[in-house]
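Novice: I need the structure of the sequence given here:
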Amino acid sequence: MQLRQKIKVVQFLLKDAFREYRKNDPLRLGASTAFFTTFALPPILVLLINFLGLLYSTDIISARLIDQVQSMLGYRSGSSQLSKILENIQHIPPNGYYAALGMLFLIFVATTLFIVVKSSLNQLWNVRPRKSSTFSHILKTRLIALGLIIFTGILFVITLMTESAFSYLGDTLFEALPSRGLEVVRVGNALMSYMIVTAWFAITFKYLPDIRIAWKPVWIGALFTSLLFTVGKLVLGRLLLHSNLGPIYGPSASVLILMLFVFYSAMLMFYGASFTKSYAHYAAFKIRPKSFALRYRARGQKIPVV
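Specialist: Sure thing, here's the model as predicted:
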């Protein structure tokens, strides 16, 4: 395929994905994700801290997770309220039976966010669970959501390990190549971060919605979505960093900034999912609902049979 033809294909996919995206009310999808994130993010971080606490000190994990949130939102935005919530949750004294109930409640709240995202992805793919879905299906959905949280923790560990490796490599290269060592480390960190985000989107697109789809369109969609997210994070981070919402909204400004960041990030993710769908249809990959789901035809919408 010649370069000009490839460019035309990409243009077609971008336009087709945007048409599909616009039909599904992306503002509502992004708003619902941002709203539930305000309740689910602290429990998710607590679960990650407890899971990663098996490998690292919980204090180190807490600090690094908060640093990651702050680096995305901008340091002026704070995350002070998020830090305070985490501190309050972690200092609740364990009391056997009540501690177990508390952990189950945290898991329920944390996985609910992924259920909301799953519902949005299902809408984009025109699938929905059957009305006769059993309790085992509901439990399986929660377990998949919990698995994604654990997978996020694994990726976070990989991030810590690669940052340490690049830090050591940077010191070595700086001694050998003072003018280039820092640039090599920055490029390496950026590429590794891009690969990790791509892996997260790929697993999410593959296993969260109620569809069966081949890996190739999933990876292409994940690479595209990761590119959108990386560029969007830089732009949003700068905008939020220089925003002056504190005097207007007071102590709630940090929560508002978090919701804005998640809102725009979710809209980028759902556009990436629409691009994945458009590419899958264009390349004639078979897309089937899972055994407990069914496809539906939206009003005025044609669903290609593949």
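Novice: Please, where are all the helices along the protein?
Specialist: Counting by DSSP state H, one finds helices in the chain at the ranges 3-23, 26-52, 58-73, 80-90, 97-124, 135-176, 181-207, 215-241, 246-249, 253-282.
Novice: For residue 289, which of the ones you listed is the nearest?
Specialist: helix 97-124 (9.2 Å; CB to CB). From N, CA and C alone the C-beta is placed, and that goes for glycine too.
Novice: by how many degrees do the closest one and helix 26-52 diverge?
Specialist: Put simply, helix 97-124 runs at 140 degrees to helix 26-52, going by axes from the mean of the first three to the mean of the last three CA atoms, to 10 degrees.
Novice: What are the buried residues along helix 97-124?
Specialist: Buried residues in helix 97-124, defined by neighbour count with 16 or more other CB atoms under 10 Å: 106-107, 109-124.
Novice: what about that helix, average pLDDT?
Specialist: Average pLDDT, helix 97-124: 88.
Novice: other SSEs contacting that helix?
Specialist: helix 26-52, helix 135-176, helix 253-282 (3 or more CB pairs under 8 Å, 6 or more residues apart in numbering; DSSP states H and E).
Novice: try it again with 10 Å
Specialist: Contact analysis of helix 97-124 by 3 or more CB pairs under 10 Å, 6 or more residues apart in numbering; DSSP states H and E lists helix 3-23, helix 26-52, strand 127-129, helix 135-176, helix 181-207, helix 253-282 as its packing neighbours.
Novice: Quick one: residues contacting residue 61.
Specialist: 45, 48, 49, 50, 51, 52, 53, 55, 153, 156, 157, 160 (CB atoms under 10 Å, 6 or more residues apart in numbering).
Novice: wait, doesn't the second one sit right on residue 69?
Specialist: If I follow you right, that is residue 48. No: with contact defined as CB atoms under 10 Å, residue 48 does not reach residue 69; the gap is 11.6 Å.
Novice: Just name the most buried of the helices and strands packed on helix 97-124.
Specialist: Most buried of those by mean neighbour count (mean count of other CB atoms under 10 Å) is helix 253-282; its value is a mean of 22.
Novice: and it, what does it pack onto?
Specialist: Using 3+ CB pairs under 10 Å, 6+ apart: helix 253-282 touches helix 3-23, helix 26-52, helix 58-73, helix 80-90, helix 97-124, helix 181-207, helix 215-241, helix 246-249.
Novice: closest one to residue 292 among the helices and strands packed on helix 97-124?
Specialist: Using CB to CB and comparing those, the one that lies nearest residue 292 is helix 135-176, at 4.8 Å.
Novice: follow-up on the earlier one: could I get the helices of the chain as TSV with distance to residue 297?
Specialist: What follows is the helices of the chain, written out as TSV (distance: least, CB to CB, whole Å):
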stretch	distance to residue 297
helix 3-23	12
helix 26-52	19
helix 58-73	38
helix 80-90	42
helix 97-124	13
helix 135-176	23
helix 181-207	22
helix 215-241	21
helix 246-249	43
helix 253-282	14
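Novice: Tell me where the protein is predicted with low confidence.
Specialist: Scanning the chain with the threshold set as pLDDT under 70 gives 1, 70-96, 98, 132-133, 170-171, 173-182, 240-253, 298-306.
Novice: do that again at 90, thanks
Specialist: Across the chain, the ranges flagged by pLDDT under 90 are 1-7, 37-107, 128-141, 152-193, 230, 232-262, 290-306.
Novice: how near is the closest residue to residue 147 other than its chain neighbours to residue 114?
Specialist: Excluding its sequence neighbours, the residue lying closest to residue 147 (CB to CB, 6 or more residues apart in numbering) is residue 207, at 7.8 Å. According to CB to CB, to the nearest Å, residue 207 and residue 114 sit 10 Å apart.
Novice: shared neighbours, these two?
Specialist: By CB under 10 Å, 6+ apart, the residues touching both residue 207 and residue 114 are 144, 145, 147, 148.
Novice: Report the contact partners of the nearest residue to the first one once chain neighbours are set aside.
Specialist: Spatially, and ignoring its direct neighbours in sequence, residue 144 is nearest to residue 207 (5.8 Å; CB to CB, 6+ apart). With contacts defined as CB under 10 Å, 6+ apart, residue 207 is in contact with 118, 144, 145, 147, 148, 151, 218.
Novice: Now do residue 207 against residue 109, distance only.
Specialist: 21 Å.
Novice: With residue 227 instead?
Specialist: Counting by CB to CB, the gap from residue 227 to residue 109 is 31 Å.
Novice: Check residue 13 too.
Specialist: In terms of CB to CB, residue 13 sits 37 Å off from residue 109.
Novice: Next, the contact list for the closest residue to residue 275 other than its chain neighbours, please.
Specialist: Nearest non-adjacent residue to residue 275, counting by CB to CB, 6+ apart: residue 17, 4.0 Å away. Residue 17 sits next to 124, 221, 224, 271-279, 282 when contact means CB under 10 Å, 6+ apart.
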